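1. fold the following for me, if possible:
(one chain, ligands or ions: 1)
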Amino acid sequence: MFGYLEILIFHQLSPDYIGVELGIGESLLVKAIGESTGRSIAVVKADLKKEGDLGLVAQNSKNSQKTLFKPKALTVPFVFANLKEIALSTGHSSQNKKVSIITKLLAACQGEEAKYIIRSLEGKLRIGNAERTVLVALAHAIVLEEQERNNKRLNKEKLTARLEQATEIIKSVYSELPSYDLVIPALLEGGVDSLRDQCKLTPGVPLKPMLAKPTKAIGEVLDRFENKRFTCEYKYDGERAQVHKLEDGTVGVFSRNSEDMSKKYPDLMDQLPNCMKDTAKSFVIDAEAVAIDRTNGKLMPFQELSRRKRKDVKVEDIQVRVCLFAFDLLYLNGEPLLHKSFLDRRELLKEHFKIVPGEFDFAKSSDCDTVDEIQTFLEESVKDGCEGLMVKMLESEASFYEPSRRSVDWLKLKKDYLAGVGDSLDLVVVGGYYGKGKRTNVYGAFLLACYDADGEEYQTICKIGTGFSEEALQSHYDTLKPLELTKPRGDIKVGGAKPDIWFEPKVVWEVLTADLSLSPVYTAAQGLVEERGISLRFPRFIRIRDDKGADDATGPEQIAEMYERQVLAQSKGGKKKGDG
Ligand code: ATP
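-> Just a heads-up that it's a prediction; the model follows:
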């Protein structure tokens, strides 16, 4: 029943880790519209050219069709079941089946329904509800329902406190068990107070990973961790991989974004049983999958992994092998370990898994405590092909695993920071500028934006256009073309940016910048440092982050923080403030 919530609120047929997706091709939809409304394909196509929106074409076609009987009203369960059947049909004969289901759905549509059904099928229906809004709304719903049930109205103060408490509980439970199918029934049955006991981390449902805060200098690490036990680990340059094993022996690997990666890493799936000891009956480990040269055991950069296809990879076609570096154990044999100290979790990890050279290892770590030791270990990590270090609290509550949080108890120390470049940013491509000269068939530059999760809006930050090869521009064009929009989406805070074309905010790029400056044109972090926004000077494209969704992009607070650090560093160095 609760799959309906996903479709009504997020327009998804299933949670990300199950990955049932719609995205039916135009020609199939044109055919179905024609069949259900008795119009020829040529006429439907001509309408599409005029309207530019197949949803509207379907609606107009339906409404101009005379029907003798009013069709039976569509219900959410009926639409949901049919959409799911369409998404799950595969193979050659599936085409006819899909057309016939769509035709059946369209036949029952009234008013505007055809427009929304077709947009859903195209994968173009935008609802734009962010997860946190939905979780807050759930908390409100459950508290209001509680008041009704108890027939007792709380005064304003108590109501606010109860809402805050419920929101906090629901958010934390959801970050551990991100499945509405499991959380909502438990909420309805036992209420909010018993939710933590009812819904716990469960193998098979990927949890939201814990993240780290950037730190710029080793001294900062010591300021934060002084007098506490901490450890430094290699920060591997690969892809986050959460490995789950269920009691029944099923093994799954999930990305940072909770997507099922078993099709991308069939080799890893084959390798995994070799590293599990018999005592590890069910578990969840947090790890990094890294490209490795098996001939000499050397680690290779992330770019090697990113060349792999994301789906249907065949083991025999794989050129670059992957080694898994485990750094945390979150669940073991029926017990969630999130509230154990990291020291204990790490011990359990080493007890229940074994090193398989070239296939599986534990993240290399050193429990150092002086600047010199950290510096030496950092240099060693870079020499071994890593990005730098992750510094983590080892003991006490501060070392608990906090799903989905960017925590100060995990600091990342990258070699780039030390070179004074600062952390990279993950930005969303929201606009394009047509190319000139040889580049007229592709976009020559792009408008990027950060994401403000509180305001649920994208804020423009810079134009980026140098350093792309012809090949790269072609490939970006191919990816972005289907996302073109003629006007900016409502949640883009445009400012003075004027790209030639807008995009659906979906694609995330990692970008480095030499410098940040205040800008009257762009809207990023407006009002945080001063009224003007902040922009990137000389932004440089590093890589596509297809393991990140648009709402995982860097936020305005982080950008304001980076700007302020830069101002501070410049004033210390005697330079003047970088106004631009
Ligand atoms: P980045 O761009 O730095 O990868 P991110 O936003 O993906 O950033 P961060 O929290 O900033 O995530 O950095 C942590 C990432 O580093 C993890 O998501 C993981 O993929 C990777 N990583 C590599 N080695 C480790 C390690 N030893 N412990 C934790 N994470 C590690």
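2. from here on, just use CA atoms for contacts and neighbour counts.
-> Will do.
3. in space, what's closest to Pro206 - neighbours in sequence excluded?
-> Excluding the flanking residues, the one nearest Pro206 by CA to CA, 6 or more residues apart in numbering is Ser258, at 5.7 Å.
4. wait, doesn't that neighbour sit right on Ser175?
-> No - shown here, Ser258 and Ser175 do not form a contact pair, counting by CA atoms under 8 Å, at 11.5 Å.
5. of these two, who's got more company?
-> Neighbours were counted for Ser258 and for Ser175 using other CA atoms under 10 Å; Ser258 has more, 23 against 20.
6. let me see the contact set for the more buried one.
-> Listed by CA atoms under 8 Å, 6 or more residues apart in numbering, the contact set of Ser258 reads Asp16, Tyr17, Pro206, Leu207, Lys208.
7. the fourth one: how many residues sit nearby?
-> So that's Leu207. The number of residues near Leu207, taken as other CA under 10 Å, comes to 26.
8. same check on the second one?
-> If you count neighbours by other CA under 10 Å, Tyr17 ends up with 21.
9. next one: phi and psi at it?
-> The phi/psi pair for Tyr17 (degrees, to the nearest 10) reads phi -70, psi -10.
10. what's the closest non-adjacent residue to it?
-> Glu259 (4.7 Å).
11. isn't the one you found right next to Gly19, touching?
-> Yes - Glu259 is within contact range of Gly19, at 7.0 Å (criterion: CA under 8 Å).
12. so where does the closest residue to Ile355 other than its chain neighbours fall, helix or strand?
-> In this structure, Ile355 finds its nearest non-sequential neighbour in Asp361, 4.9 Å apart by CA to CA, 6+ apart. Assessed by DSSP states H and E, Asp361 sits inside strand 360-362.
13. which strands and helices sit next to that strand?
-> strand 321-332 (3 or more CA pairs under 8 Å, 6 or more residues apart in numbering; DSSP states H and E).
14. what about the strand it packs on and the ligand, touching?
-> Yes - using CA under 6 Å from any ligand atom, strand 321-332 reaches the ligand at Phe327.
15. direction included, what does that strand pair up with?
-> Taking DSSP bridges as the criterion, strand 321-332 forms sheet pairs with strand 283-293 (antiparallel), strand 335-336 (antiparallel), strand 360-362 (parallel).
16. nearest to Ala141, out of these?
-> strand 335-336 (28.5 Å; CA to CA).
17. contact partners of the closest one?
-> With CA under 8 Å, 6+ apart as the criterion, strand 335-336 contacts Lys200, Leu201, Thr202, Leu330.
18. how many neighbours does the last one have?
-> Right, Leu330. Look at Leu330: counted by other CA under 10 Å, it has 26 neighbours.
19. please begin residue numbering at 45 from this point
-> New numbering, starting at 45: the last item is Leu374.
20. how far away is it from the ligand?
-> Taking CA to the nearest ligand atom, to the nearest Å as the measure, Leu374 falls 13 Å from the ligand.
21. that residue contacts Phe327, doesn't it?
-> Yes - the pair Leu374 / Phe327 is scored as a contact, 7.3 Å apart, by CA under 8 Å.
22. tally of neighbours for the nearest residue to Gly476 once chain neighbours are set aside?
-> Using CA to CA, 6+ apart and skipping the chain neighbours, the partner closest in space to Gly476 is Phe490 (4.4 Å). Counted with other CA under 10 Å, the neighbours of Phe490 add up to 24.
23. got it, and the one 10 residues further on?
-> Look at Glu500: counted by other CA under 10 Å, it has 16 neighbours.
24. low pLDDT regions in the stretch 145-294 of the chain?
-> 169-173 (pLDDT under 70).
25. what's the answer for the chain, then?
-> Scanning the chain for pLDDT under 70 picks out the ranges 45-55, 67, 169-173, 460-466, 616-624.
26. how is it divided into domains?
-> 47-166, 175-242, 255-461, 468-614 (the TED database).
27. show me what the residue nearest to Ile399 is bridged to.
-> Phe369.
28. okay but it is in contact with Leu393, surely?
-> No - the pair Asp405 and Leu393 does not pass the contact test of CA under 8 Å, sitting 10.8 Å apart.
29. these two: which is more packed in?
-> More crowded of Asp405 and Leu393, by other CA under 10 Å: Leu393, with 22 against 19.
30. and the stretch 345-494 of the chain, which residues reach the ligand?
-> Phe371, Ala407, Met434.
31. wait, which of those residues is closest to Asn485?
-> Nearest to Asn485 out of these is Met434 (CA to CA; 43.0 Å).
32. Val452 is in contact with the closest one, correct?
-> No - when contacts are counted by CA under 8 Å, Met434 is not listed as touching Val452 (11.3 Å).
33. shared neighbours, those two?
-> Common neighbours of Met434 and Val452, counting by CA under 8 Å, 6+ apart, are Ala256.
34. the two: who's more crowded?
-> The residue with more neighbours, out of Met434 and Val452, is Met434; 22 against 19, by other CA under 10 Å.
35. quickly find the element holding the residue nearest to the more buried one when sequence neighbours are not counted.
-> Among residues not flanking Met434 along the chain, Lys456 sits closest, at 4.6 Å (CA to CA, 6+ apart). In the assignment (DSSP H and E), Lys456 maps to strand 450-458.
36. just checking, what packs against that strand?
-> Judged by 3+ CA pairs under 8 Å, 6+ apart, the packing partners of strand 450-458 are strand 255-258, strand 432-437.
37. quick one: contacts of the first one?
-> If you take CA under 8 Å, 6+ apart as the criterion, strand 255-258 is touched by Met434, Ser448, Arg449, Arg450, Ser451, Val452, Asp453, Trp454, Leu455, Lys456, Leu457, Asp467.
38. that one pairs with which strands, and in what direction?
-> As assigned by DSSP bridges, strand 255-258 forms pairs with strand 450-458 (parallel).
39. what sits against the residue sitting furthest away from the middle of the chain?
-> The centre of the chain is farthest from one residue, Leu112, which by CA atoms, centre = their mean lies 47.9 Å away. For Leu112, the contact set (CA under 8 Å, 6+ apart) is empty.
40. and it, how far is that from Glu79?
-> Separation of Leu112 from Glu79 (CA to CA, to the nearest Å) stands at 17 Å.
41. got it, and Gly296?
-> The gap separating Gly296 from Glu79 is 42 Å, by CA to CA.
42. same question, Lys531
-> Distance, Lys531 to Glu79, using CA to CA: 32 Å.
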